[in-house]
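[1] show me the folded form of this:
(2 chains)
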Amino acid sequence: GENVEQHPSTLSVQEGDSAVIKCTYSDSASNYFPWYKQELGKGPQLIIDIRSNVGEKKDQRIAVTLNKTAKHFSLHITETQPEDSAVYFCAASPHGSSNTGKLIFGQGTTLQVKP
Amino acid sequence: GAGVSQTPSNKVTEKGKYVELRCDPISGHTALYWYRQSLGQGPEFLIYFQGTGAADDSGLPNDRFFAVRPEGSVSTLKIQRTERGDSAVYLCASSLIGRDTEAFFGQGTRLTVV
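    Down below sits the predicted model:
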């Protein structure tokens, strides 16, 4: 089955710096890769997603890149702010499913943005 | 409702007891998912409903776990003979069916088995 590895497990940056989180996946048939932000005591919230027919997607300070050949994808946050501090999860939809809610998640990255 | 609602938000039960966790999805969302999140880990898929039927229950860990969605809206996750290892946050998500859709998560139910 699909396996998703996420690195680093913790990341500390100064306010205004960039943060990069990387994930690899094992199932070449996966075609949907969302990123979720989870704050303490809350459920995961989708912040950006990418499908396998594109290589990069950007939404204001957040961007995601996908390399299907290497089976890895990354989250880039620029001009970080203290409110970006949270746990971030990458995920992959296994077996090319059109069902975008069945996801295999990475282990999570705790991002701390220091003011 | 405005979002996915899960009740209770916290549940403490004794080992061996039976528990039910409830999920109210976003109105109109045909797809509903249950996940389990252990401390410091990512959510793990348990079961997926499309309408009233369980389309994929491959993530249920054993036969102590069961879920229903009798009218295609509210879902209940049922755990029999709870064990301490069942302690986790149980998350529910819902979505429309189709390719360009997004799964919305509830805030979760924190289950503690003592």
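[2] pretty sure A:Pro8 sits against A:Ile21.
    Yes. Counting by C-beta atoms under 8 Å, A:Pro8 touches A:Ile21, with 7.4 Å between them. C-beta: built from backbone N, CA, C; applies to glycine.
[3] for residue 61, phi and psi?
    No chain was given, so I picked chain A. Phi and psi for A:Arg61, reported as degrees, to the nearest 10, are phi -90, psi 0.
[4] other SSEs contacting the helix or strand of chain B with the lowest mean pLDDT?
    Here the helix or strand of chain B ranked lowest by mean pLDDT, DSSP states H and E is strand B:53-56, holding a mean of 91. Counting contacts by 3 or more C-beta pairs under 8 Å, 6 or more residues apart in numbering or on different chains; DSSP states H and E, strand B:53-56 packs against strand B:44-50.
[5] in the strand it packs on, what counts as buried?
    Across strand B:44-50, burial judged by 16 or more other C-beta atoms under 10 Å in any protein chain shown covers B:44-49.
[6] from these, which are also near chain A?
    The subset of the buried residues of strand B:44-50 within reach of chain A, by C-beta under 8 Å from any C-beta of the partner chain, is B:44-45, B:48.
[7] dump those residues to JSON lines, plus pLDDT.
    Below are these laid out as JSON lines (pLDDT from 0 to 100):
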{"residue": "B:Glu44", "pLDDT": "97"}
{"residue": "B:Phe45", "pLDDT": "95"}
{"residue": "B:Tyr48", "pLDDT": "94"}
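[8] nearest to B:Val114, of those?
    Ranked by distance to B:Val114 (C-beta to C-beta), those are led by B:Glu44 at 22.2 Å.
[9] sec struct for the residue nearest to the closest one when sequence neighbours are not counted, please.
    In space, and not counting its chain neighbours, B:Glu44 is closest to B:Arg36: 5.2 Å by C-beta to C-beta, 6 or more residues apart in numbering or on different chains. Following DSSP: H, G, I helix; E, B strand; the rest coil, B:Arg36 is assigned to strand.
[10] quick check: bridge partners of the nearest residue to B:Ser38 once chain neighbours are set aside?
    Leaving aside its sequence neighbours, B:Ser38 sits nearest to B:Ala88 (C-beta to C-beta, 6+ apart; 4.8 Å). When bridges are taken as DSSP bridges, the partners of B:Ala88 come out as B:Leu111.
[11] so what's B:Ala88 up against?
    B:36-39, B:110-111 (C-beta atoms under 8 Å, 6 or more residues apart in numbering or on different chains).
[12] got a quick ChimeraX command for the buried subset of these?
    Selecting the buried subset of those in ChimeraX, with 16+ other C-beta under 10 Å as the burial test, is done by:
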select /B:36,37,110,111
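[13] and the contacts of B:Ala88, which is closest to B:Ser5?
    Comparing the contacts of B:Ala88 against B:Ser5 with C-beta to C-beta places B:Arg110 closest, at 15.0 Å.
[14] go ahead and confirm the closest one touches B:Gln6.
    No. Look at B:Arg110 against B:Gln6 with C-beta under 8 Å: they stay out of range, at 10.0 Å.
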